[in-house]
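Participant: The following block contains a protein sequence and its predicted model.
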Amino acid sequence: MDKVLGVKNLSKVYGPGCASCFELTGPEHDTNICPNCRSVVAAHDVSFDLYKGEILGIMGESGSGKSTAVKCLYFDHEPSSGRATFFDEGRQYDLFNLNAAQQRRLANHRFGMVYQNPHLGLNFDITAGGNIAERLLMSEVDNFSEIRGRATSLLSRTEVLPERMDELPKNFSGGMQQRVQIAKALVTNPPLLFLDEVTTGLDLSVQAAILDLIMEIQQEKDTAMIVVTHDLGVIRLLAGRTMVMKYGRVIESGLTDQILEDPQHAYTQRLVASAL
Amino acid sequence: MSASYPFGFLNEYAKKEVRRSTLKAVAIPGYQVPYSSREMPMGRGFGTGGLQLTLSLLGKGETLKVIDQGSDDSVNAVNLRSFIEMTCEGINTTTKTDEADFIQSRHRIPETALREDQLIVLQVPYPDPLVVVEPSEDKRKILHGEADYSRLLVKLYEDIVKFDEITISHRYPTRINGHYVIDPSPIPRWDVPKLNQSKALILLGAGREKKIYAVPPYTKAEPLAFEDVPFRVENFSDENGQRRSCQRCGCTSSFLDEFVDSKTGKKVYQCSDSDWCDAQGSASVAEGRTPGATDEYPPTNIEQVVVANG
């Protein structure tokens, strides 16, 4: 199997940080705020590998550090320590040692990101088509009809009516905005896609449609994905492997079925038991 | 009067600083070099950026031409010229593009092709083309550094979607030497191709925004466009597809100003570059033709110049 991403000991601390930050926080201390220096340990010692075509789920309550981990990988935040290696077309990229321009290039060309809040992923002052065009223009596509064509086909693929592509995203429903975001993320055919709570806050039928879409894309293009969610249903449906996070630490990881059927950690047991 | 001011009004330190910034601007084509724009005895926004460049670079015995929207007699040109004459003893002024060593201009580049030994300074109100898409200067500097102009291109894309063409009439974003995109000051699109591989050094100075930048001689300047929607200059054809001519000199190859004749109420067109217009008129007279006749002078037809985006 081709490895797409290898993450080793990723940590992110907000605040000054001190020597005992990592010892005094975590699930066993029931906090992620260091009592010594008041720094927030958002994520610590997160390691995993991701393979081609695989969907990895990251599950946990809010504030557990799951979004932080993904945002570090998409260069939205700078990690405090750790390594991440991205394998692409026979080349390796040491993600956190690239300069800003190289990081931006990778994020634009080879990664895709879908945020929970469409306001983060879309520019609401430009049309839906313009949002998709922006990503292509960043990737040095400078042919207007080609941009138009690819935006149209992506929008029909994500079931947004192409007739509405020249409308502003604020005129769209939440589900449609999310589909535009997915189209935007997919337009450069990225081998790696980050999905941060994509279905949270959407009604059930729209959720189902978007999850269907994600699965279809994964099968069509063999895209590797990291799905961050607190929804067990989403994890069960999408993810082959799952990590459970609490207070910035990975407390359990393994095959999704295993974790949902036979949870080992007390928190995971409670989480699974509380699911409807 | 002249005794109370140093040559060029500014003190030597101020001039030295502008010259250093100018050298840096020439060395990094299109990069906006910050400088400490001095107070001038006129409001910022009246050409103080261009004026400081001129005062710092102009030397005794050199010949200066000052233009405002193509005309030597517009109020901004007249005032700047008399200020420079007053503070720079021993310089000459002219209205003829050919005779000038040094041209300061507001919003036009002369129709006459400039030579290697000439220099043009353009007055700039807004130096940063990214200001329309990114309000924070900090972030704009990063975007410039990484040559990330996708957001400007998105603006062009949206223009084409809404209006079927790019609707920027002046201040057309232009990429210099394959990296930095500049705001070439409010010159019309007509003048943008003149930036490309220009023989003369082009300096741009923004007084209020405190920036100097340059298009050095023989440097590539490409207006942003799409491969299949190329950059176009203004089209001066009438409803029958006939190129309009200047009502004064008959020229059919210059940038025309449109205005309404107060007597007849009709629209009339006239060369925007007054020196060019005069030269055309006298050329026709010298050759025994009546002014107003449309002929093919000058031989190069520069209408519809298309610069491919490469």
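Facilitator: Alright, I've got the coordinates.
Participant: Would you mind writing the CA trace of the lengthiest helix in chain A as PDB?
Facilitator: Across chain A, the helix with the greatest residue count (assigned by DSSP state H) is helix A:204-221. The C-alpha atoms that make up helix A:204-221 are tabulated as PDB, following Å, rounded to 0.1, in the frame of the first residue of the first chain:
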ATOM      1  CA  LEU A 204     -30.300  14.500   8.200                       C
ATOM      2  CA  SER A 205     -31.200  14.100   4.600                       C
ATOM      3  CA  VAL A 206     -28.500  16.600   3.500                       C
ATOM      4  CA  GLN A 207     -26.000  14.900   5.800                       C
ATOM      5  CA  ALA A 208     -26.800  11.600   4.100                       C
ATOM      6  CA  ALA A 209     -26.400  13.100   0.600                       C
ATOM      7  CA  ILE A 210     -23.000  14.700   1.500                       C
ATOM      8  CA  LEU A 211     -21.700  11.500   3.100                       C
ATOM      9  CA  ASP A 212     -22.800   9.600   0.000                       C
ATOM     10  CA  LEU A 213     -20.900  12.100  -2.100                       C
ATOM     11  CA  ILE A 214     -17.700  11.700   0.000                       C
ATOM     12  CA  MET A 215     -17.800   8.000  -0.300                       C
ATOM     13  CA  GLU A 216     -18.400   8.100  -4.100                       C
ATOM     14  CA  ILE A 217     -15.400  10.500  -4.400                       C
ATOM     15  CA  GLN A 218     -13.200   8.300  -2.300                       C
ATOM     16  CA  GLN A 219     -14.100   5.300  -4.500                       C
ATOM     17  CA  GLU A 220     -13.800   7.200  -7.800                       C
ATOM     18  CA  LYS A 221     -10.500   8.900  -7.200                       C
END
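Participant: what about that helix, distance to the chain center?
Facilitator: 15 Å (CA atoms, centre = their mean, to the nearest Å).
Participant: average pLDDT for it?
Facilitator: For helix A:204-221, the per-residue pLDDT values average out at 86.
Participant: Walk me through which strands the helix or strand following it pairs with, and which way each runs.
Facilitator: Beyond helix A:204-221 in the direction of the C-terminus, DSSP states H and E gives the next helix or strand as strand A:224-229. Strands adjacent to strand A:224-229 in the sheet, as given by DSSP bridges, are strand A:55-60 (parallel), strand A:192-196 (parallel).
Participant: by how many degrees do strand A:224-229 and helix A:204-221 diverge?
Facilitator: Orientation note: strand A:224-229 sits at an angle of 160 degrees relative to helix A:204-221 (axes from the mean of the first three to the mean of the last three CA atoms, to 10 degrees).
Participant: CA atoms of strand A:224-229 as CSV?
Facilitator: Written as CSV, here are the backbone C-alpha positions of strand A:224-229 (Å, rounded to 0.1, in the frame of the first residue of the first chain):
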residue,chain,number,x,y,z
ALA,A,224,-7.0,9.6,1.1
MET,A,225,-9.1,11.5,3.7
ILE,A,226,-9.0,12.5,7.3
VAL,A,227,-12.5,12.9,8.7
VAL,A,228,-12.8,14.9,11.9
THR,A,229,-16.1,14.5,13.6
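Participant: Distance from it to the middle of the chain?
Facilitator: 5 Å.
Participant: ranges for the strands of the stretch 101-250 of chain B?
Facilitator: All strands of the stretch 101-250 of chain B, identified by DSSP state E, counting those that start in this stretch, fall at B:102-106, B:119-123, B:174-176, B:181-182, B:201-206, B:211-215, B:221-223.
Participant: what's the closest of these to A:Asp196?
Facilitator: Each of the strands of the stretch 101-250 of chain B has some distance to A:Asp196 by CB to CB; the shortest is strand B:181-182, at 32.3 Å. Placement of C-beta: from N, CA and C, glycine included.
Participant: And that closest one, what does it pack against?
Facilitator: Judged by 3 or more CB pairs under 8 Å, 6 or more residues apart in numbering or on different chains; DSSP states H and E, the packing partners of strand B:181-182 are strand B:174-176.
Participant: go again using 10 Å as the cut-off
Facilitator: For strand B:181-182, the helices and strands in contact under the criterion 3 or more CB pairs under 10 Å, 6 or more residues apart in numbering or on different chains; DSSP states H and E are helix B:137-145, strand B:174-176, strand B:211-215, strand B:221-223.
Participant: Hmm, A:Val272 is touching A:Thr256, no?
Facilitator: No. Judged on CB atoms under 10 Å, A:Val272 makes no contact with A:Thr256 at a distance of 11.3 Å.
Participant: Which one's more surrounded, those two?
Facilitator: In this comparison of A:Val272 against A:Thr256, neighbours counted by other CB atoms under 10 Å in any protein chain shown, the higher total goes to A:Thr256 at 20 against 16.
Participant: Show me chain B divided up by domain.
Facilitator: Recorded structural domains for chain B (assignment: automatic domain parsing) are B:2-129+B:137-222, B:234-310.
Participant: Go through the ones you listed and pick out the most buried.
Facilitator: Between those, domain B:2-129+B:137-222 has the highest mean count of neighbours, a mean of 19, where neighbours are mean count of other CB atoms under 10 Å in any protein chain shown.
Participant: Can you say which of the helices and strands packed on strand B:181-182 is nearest to chain A?
Facilitator: When the helices and strands packed on strand B:181-182 are compared for distance to chain A using CB to the nearest CB, the nearest one is helix B:137-145, at 7.1 Å.
Participant: Show me the shaky parts of the chain.
Facilitator: By default, I'm working from chain A. Across chain A, residues meeting the criterion (pLDDT under 70) sit at A:276.
Participant: try chain B instead
Facilitator: For chain B, counting by pLDDT under 70, the residues that fall below are B:1-3, B:284-310.
Participant: where along it do the helices fall?
Facilitator: Ranges of helices in chain B, per DSSP H, are B:12-27, B:48-57, B:75-87, B:137-145, B:150-163, B:274-286.
Participant: The third one - contacts with which helices or strands?
Facilitator: Spelled out, it's helix B:75-87. Other helices and strands packing on helix B:75-87, by 3+ CB pairs under 10 Å, 6+ apart, are helix B:48-57, strand B:63-68, strand B:92-93, strand B:102-106.
Participant: Give me the distance between it and the centre of its chain.
Facilitator: Averaging C-alpha coordinates over helix B:75-87 and over its chain gives two centres that are 18 Å apart (CA atoms, centre = their mean).
Participant: what angle separates that helix from helix B:274-286?
Facilitator: Calculated by the same axes, to 10 degrees, helix B:75-87 forms an angle of 100 degrees with helix B:274-286.
Participant: you'd agree B:Asn173 is up against B:Leu224?
Facilitator: One correction, residue B:173 is Pro, not Asn. Yes. Between B:Pro173 and B:Leu224 there is a contact under CB under 10 Å: 4.9 Å.
Participant: what's the overlap in contacts for those two?
Facilitator: With contacts taken as CB atoms under 10 Å, 6 or more residues apart in numbering or on different chains, B:Pro173 and B:Leu224 have B:Pro129, B:Tyr149, B:Leu152, B:Leu153, B:Lys155, B:Leu156, B:Val181 as neighbours in common.
Participant: Which of those residues sits closest to A:Ile55?
Facilitator: Using CB to CB, B:Leu153 is the member of these that sits closest to A:Ile55, with 33.3 Å.
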